[in-house]
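>>> Predicted model and sequence follow; I will ask about them next.
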Amino acid sequence: MINTKDLHKYINALLNKSEEAYLMSIEIINKPTINYRTEGFCFFICNAWELLLKAYLINKANDINVINYKDDSNRTIGLDECVEKVFTSTTDKTKINISFIRNIRNKSTHLILPEFDFILSPAFQRCLTNYNKFFKKHFPDYNLNEKITPYIALVNPGNSDDVSSLVLNPANLILFDKLKNEINSNEILVQTLRLVSTKKESEADIKYTVVSDSEEKAKFINVPKDIEVTHPYTTNEVIKKICETIEITLGPNHGFTSNKFHDICKRKNIKSNQEYCYQFPYSKNNIKKYSDLTIEYVSQIYIEEKKKKKSNE
């Protein structure tokens, strides 16, 4: 019987290897020069999930034999068995997503897949998010995502004509039918890219110049805004969204509250900046609505302040 100290070392080793596979999945899916992104991502993220779930099962049972086959202690259970042991509900969204990714991995092992990463990326991003939430919930003391941001970058979809013959493969047609169901389900995490103009060069990622005497003149056009679209969140809703965002990096015990939200708003003058907050001028109840930028900005401030506080302790 393995002692508790060695058991914890083994669990930590599984978590370390799981994190390595997870980081490899992010690295390969974000490399635009590689034409093996879909397959590579699925291989590594499935391996990351399997090792993480094995660590969870051992930690929960306090027994290393829980991941071994009963009739053969030299063999450990695979991803499918781990998923069935941990996610017992057939409608569990995390379980459905892992099964979808695993199915792509299995197909790519035996067949040639079209490089449609831009179609699959929302499902991939949901898989990364689920992995983060599960890891942070069950192993809160582990410093996951200490140096990286767990998001998939936007990729150039390319020319779909180049892979039309691959799509005609009957097995791939079945896969894409399942893909449509996955995309139409609640499992998809939508990614939004916003470009914001700023006069502060230090805050800019991209520099541009408007030239008045150019043959192709550029102009800034003020377009009327629909506040319900640009600022869709009430105070309670924006706090909930911020908590979900922070949880990916800091885990479920992040400590963000409504008081923290209002404190940051006061310090950063968020409620007086219409990019973040819109106050209805004729509202008797002082109604305020918040934008997606508020979620990103407040989350970033809170995470940076928490990390700084932790490093100073």
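Ah, there it is.
>>> Give me the three-state assignment for residue 278.
The three-state assignment at residue 278 reads strand, by DSSP: H, G, I helix; E, B strand; the rest coil.
>>> Tell me how far it lies from residue 230.
The spacing between residue 278 and residue 230, counted by Cβ to Cβ, to the nearest Å, is 8 Å. (Glycine included, C-beta is placed from N, CA and C.)
>>> Return every residue with contacts to both of these two.
Shared contacts of residue 278 and residue 230, defined by Cβ atoms under 8 Å, 6 or more residues apart in numbering, are found at residue 291.
>>> Neighbour count for these two, which is higher?
Neighbour totals were compared for residue 278 and residue 230, and residue 278 leads with 19 against 15 (other Cβ atoms under 10 Å).
>>> Could you find the closest non-adjacent residue to the more buried one?
With Cβ to Cβ, 6 or more residues apart in numbering as the criterion, residue 278 has its nearest non-adjacent residue at 4.4 Å, and that residue is residue 231.
>>> Contacts only, for the one you found.
Taking Cβ under 8 Å, 6+ apart as the test, what residue 231 contacts is 277-278, 289-291.
>>> In those residues, which residue is surrounded by the most others?
Counting neighbours by other Cβ under 10 Å, the top entry in those is residue 290, with 26 neighbours.
>>> That one contacts residue 235, doesn't it?
Yes: the criterion here is Cβ atoms under 8 Å, and residue 290 meets it with residue 235 at 7.2 Å.
>>> how about the strands of the protein, start to end?
Here the chain has its strands, by DSSP state E, at 68-69, 72-76, 277-279, 288-290.
>>> strand partners of the longest one, parallel vs antiparallel please.
What it means is strand 72-76. Partner strands and pairing direction for strand 72-76 (DSSP bridges) are strand 68-69 (antiparallel).
>>> How about residues contacting the strand it pairs with?
Contact with strand 68-69 is made by 74-77, as judged by Cβ under 8 Å, 6+ apart.
>>> any idea how far it is from the chain center?
Relative to its chain's centre, strand 68-69 lies at 32 Å (Cα atoms, centre = their mean, to the nearest Å).
>>> Low-confidence stretches in the stretch 151-300 of the chain?
154-197, 203, 205-206, 208-225, 281-285 (pLDDT under 70).
>>> repeat that for 80
Where the stretch 151-300 of the chain drops to pLDDT under 80, the residues are 151-229, 280-286.
>>> Count the neighbours of the closest residue to residue 47 other than its chain neighbours for me.
Nearest non-adjacent residue to residue 47, counting by Cβ to Cβ, 6+ apart: residue 21, 4.3 Å away. As a burial measure, residue 21 scores 18 neighbours (other Cβ under 10 Å).
>>> just the one 10 residues further on next, same as before
The local packing count at residue 31 equals 14, with neighbours defined by other Cβ under 10 Å.
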